[in-house]
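> Predicted model follows, preceded by the sequence.
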Amino acid sequence: MPSSHNDHSAPHYVTFMLALGCGLVAANLYYAQPLVGLIAPTLEMSPSLSGLIVTLTQIGYAMGLLMIVPLGDLLENRKLILTLICFAVFALLVSALTTNPYVFLFAALTIGLGSTAVQIMVPYAAHLAHESVRGRAVGNVMSGLMLGIMLARPISSLLSSLGSWHLIYYVSSVVLVMLIISLRLTLPVRRPLTSLNYGGLLISMAKIAISTPALQRRALYQSALFAGFSLFWTVTPLVLADSFGLDQQGIALFALAGAAGVFAAPIGGRIADKGWIRSTTGLALIGGACAFLMSAFLYLGSTFSLVLLVVSAILLDFCVTTNLVLGQRVIFHLPAEIRSRLNGLFMATFFLGGALGSALGTWSYVSAGWTFSALIGAGLSILAFVYYLSEYRTRPAIVQNAMSSQEESSNL
């Protein structure tokens, strides 16, 4: 049975390449979001079909979290990562070249599947890091991932304004080919030791989900925050266009300003390594609520309200990213042989929270405007904080659950 501890940390350039890779791959999940209005008429898509462009990419990613990411506990990690990125390159080229709307939608689904490579890279980075700096390593990699997510929309908007919407797909495919070569040259081999086959691996995930309180708690915290995050970034482009009269470039600049919050990831990693997980989690949940409340009752359209929305975006991104890194530090403290399955379950759970947040955002804004949406976003974090208070009746989660999971890991 492999140990959950690593006596040596990987060189800093390996962590940097993993962070870069996560950002470049994860960005592909979001490139199409601001381009739907350009893609649909080119491919003669009906409105109902065009709505599937983003949805199918997200569905592919969700499927990959549950069906592909667990393979990180079974297959050699470097080869698995490179194979998935190759699938993403293929799908990007198909997206750029096809004139058939249904082929494009299939490619969108495949982009989502291939992009799950990032969720193999994160536990892989945790495995390569020494226990004492594991939070820092995960935080650095997650900063790359979050930066890719936040910059994807403005970059695709910018490139489409310079040429056509096809350009982002060509550019991304070339960049990913270069990434594949770089990762092949820099990443070490990691072969998991397990007696399970693929079917047993998937079955074991149910047992892990039921028997790992740390996973359940951290997934709920992050689901609430990420639901608010998705709600915010679904509604604010509408607010910026309707109340401030901003065009696509103005909205892209707003997103760039909000991206400053992603630098919370390395800070969160260092906090986790110092053992301040419980208290910082509470602050992140409170901060998530404050990010909405500080802008909920603004008179929209003024310069002051726009500045306060930017501050809200930065604070919310900071809290979501910090809590994400803290959560991963907790679950990656658990046995190394189940890390990919833990990460797949963790990500899939809060990904569903994000989908719920997006749906609530659209509905609430259409129904009653920004104030209603902001109050819902704040309420999600407040509910999570109420649940968080129950944590003070137990020992710190990172200790309690690591002990119980170590006892059960030999059966997973």
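Done, it's in.
> only C-alpha atoms for contact and neighbour calcs from this point on.
Noted.
> Show me what the longest helix seen in the chain is packed against.
Identified as the longest helix of the chain according to DSSP state H is helix 213-244. Using 3 or more C-alpha pairs under 8 Å, 6 or more residues apart in numbering; DSSP states H and E, the elements in contact with helix 213-244 are helix 248-258, helix 277-296, helix 303-331, helix 339-368, helix 370-388, helix 397-408.
> gap between the third one and the chain center?
Relative to the chain's own centre, helix 303-331 is displaced by 13 Å; criterion: C-alpha atoms, centre = their mean, to the nearest Å.
> Show me the shaky parts of the stretch 151-300 of the chain.
261 (pLDDT under 70).
> just checking, residue 337 touches residue 191?
No: at 10.5 Å, residue 337 and residue 191 do not qualify as touching, with contact defined as C-alpha atoms under 8 Å.
> ok, the two, which is more surrounded?
Shown here are residue 337 and residue 191; by other C-alpha atoms under 10 Å, residue 337 has more neighbours (22 against 14).
> out of everything not next to it in sequence, what's closest to that one?
With sequence-adjacent residues excluded and distances taken as C-alpha to C-alpha, 6 or more residues apart in numbering, residue 337 is closest to residue 73, at 6.1 Å.
> neighbours around that neighbour, how many?
25.
> Tell me the pLDDT of it.
pLDDT, residue 73: 89.
> what does residue 142 give?
pLDDT, residue 142: 83.
> do you know how far it is from residue 204?
Distance, residue 142 to residue 204, using C-alpha to C-alpha, to the nearest Å: 26 Å.
> higher neighbour count, those two?
Neighbour comparison, residue 142 and residue 204: the larger count goes to residue 142, with 31 against 16 (by other C-alpha under 10 Å).
> Make sure the more buried one is actually in contact with residue 121.
No: judged on C-alpha under 8 Å, residue 142 makes no contact with residue 121 at a distance of 9.9 Å.
> what's the overlap in contacts for these two?
residue 22 (C-alpha atoms under 8 Å, 6 or more residues apart in numbering).
> what's the spacing between the nearest residue to residue 342 once chain neighbours are set aside and residue 143?
What sits nearest to residue 342 in space, not counting adjacent residues and going by C-alpha to C-alpha, 6+ apart, is residue 331, at 6.8 Å. Distance, residue 331 to residue 143, using C-alpha to C-alpha: 18 Å.
> Identify the residues contacting residue 343.
Neighbouring residues of residue 343 by C-alpha under 8 Å, 6+ apart: 69, 119, 123, 328, 331.
> Columns neighbour count, pLDDT and distance to residue 184 on top of these, output as TSV?
Output for the contacts of residue 343, formatted as TSV (neighbours: other C-alpha atoms under 10 Å; pLDDT from 0 to 100; distance: C-alpha to C-alpha, whole Å):
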residue	neighbour count	pLDDT	distance to residue 184
69	29	91	19
119	23	91	17
123	29	88	18
328	28	84	25
331	26	87	27
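> What is the nearest of those residues to residue 169?
Nearest to residue 169, judged by C-alpha to C-alpha, of the contacts of residue 343 is residue 119 at 21.6 Å.
> my guess is the closest one meets residue 344, correct?
Yes: using C-alpha under 8 Å, residue 119 makes contact with residue 344 at a distance of 7.2 Å.
> Overlap of the contact sets of these two?
Jointly contacting residue 119 and residue 344 under the rule C-alpha under 8 Å, 6+ apart are 65, 69.
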